[in-house]
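Enquirer: Starting from these lines, generate the structure:
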Amino acid sequence: MAKYELPKLPYAYNALEPHIDAQTMEIHHTKHHQAYTNGLNTALESLSAELQNMELTKLLASLDKVPENVKGAVNFHGGGYDNHTLFWNNMKPNGGREPGGSVADAIKSSFGGFAQFKEKFSKDTGAIQGSGWGWLAYNPQSKKVEFTTMPNQTSPRTKGLVPLLGLDVWEHAYYLKYQNKRPDYIAAWWNVVNWDEVDKRLSKAK
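Expert: Got it, this is the predicted structure:
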């Protein structure tokens, strides 16, 4: 069985300052994402060779095939590993602004415009009780993008959706800089969104 490894960040820990501070980024990456990596590898040891060798994105979309005694661990740690891998690449220095091209068109079609989407995403993600994520995802059935929230580390893939843009609102993602001010963290995060990466994911999903 091939073991998953902690992916490297595509930028330095301090690259997203002042919006997301270097200390939070380093702890989030080296401690939390590492813990999901370790937990995923441990969970996979209990699976059949077929499931062990399945691509993680497909495994998360096929949790019904995972034995009950390890399903929770695969969902949590596998989702945590995949969500964070996407999250780091969702962001970049000097990001933000508004998306263009196919992403802008898809958002306009589903939400009426970027302003409406941003307001809904910020409000509904901020309202998550406890730990979870807000997601812009592609629905292969409707062939449209939609917004959804997911609890803890559960991946949108478990609902048949393709995650495009996710925001982690676990307290460990923002507490050092923003304390309990989750709305301030969400507002700052829009300044580092990597829309080019979101566009690539949407093109691949289609």
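Enquirer: Strands of this structure, residue ranges please.
Expert: 132-139, 144-151, 162-168 (DSSP state E).
Enquirer: Kindly state the domain boundaries assigned to the chain.
Expert: Under the assignment automatic domain parsing, the domains of the chain span 22-90, 101-205.
Enquirer: Now render those as CSV, adding mean pLDDT, mean neighbour count and distance to residue 8.
Expert: In this view, the C-beta of every residue, glycine as well, is placed from N, C-alpha and C. What follows is these, written out as CSV (pLDDT from 0 to 100; neighbours: other Cβ atoms under 10 Å; distance: least, Cβ to Cβ, whole Å):
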stretch, mean pLDDT, mean neighbour count, distance to residue 8
domain 22-90, 97, 17, 9
domain 101-205, 98, 18, 16
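Enquirer: Reformat those domains as JSON lines; add distance to residue 6.
Expert: Shown next, in JSON lines, are the domains of the chain (distance: least, Cβ to Cβ, whole Å):
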{"stretch": "domain 22-90", "distance to residue 6": "5"}
{"stretch": "domain 101-205", "distance to residue 6": "15"}
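Enquirer: one step back: of all the strands of the chain, which lies closest to residue 110?
Expert: In terms of Cβ to Cβ, the element of the strands of the chain nearest to residue 110 is strand 144-151, at 5.1 Å.
Enquirer: ok, residues contacting that closest one?
Expert: Identification of contacts with strand 144-151 by Cβ atoms under 8 Å, 6 or more residues apart in numbering yields 79, 106-107, 109-111, 117, 120-121, 124-125, 128, 130-139, 156, 159, 161, 164, 202.
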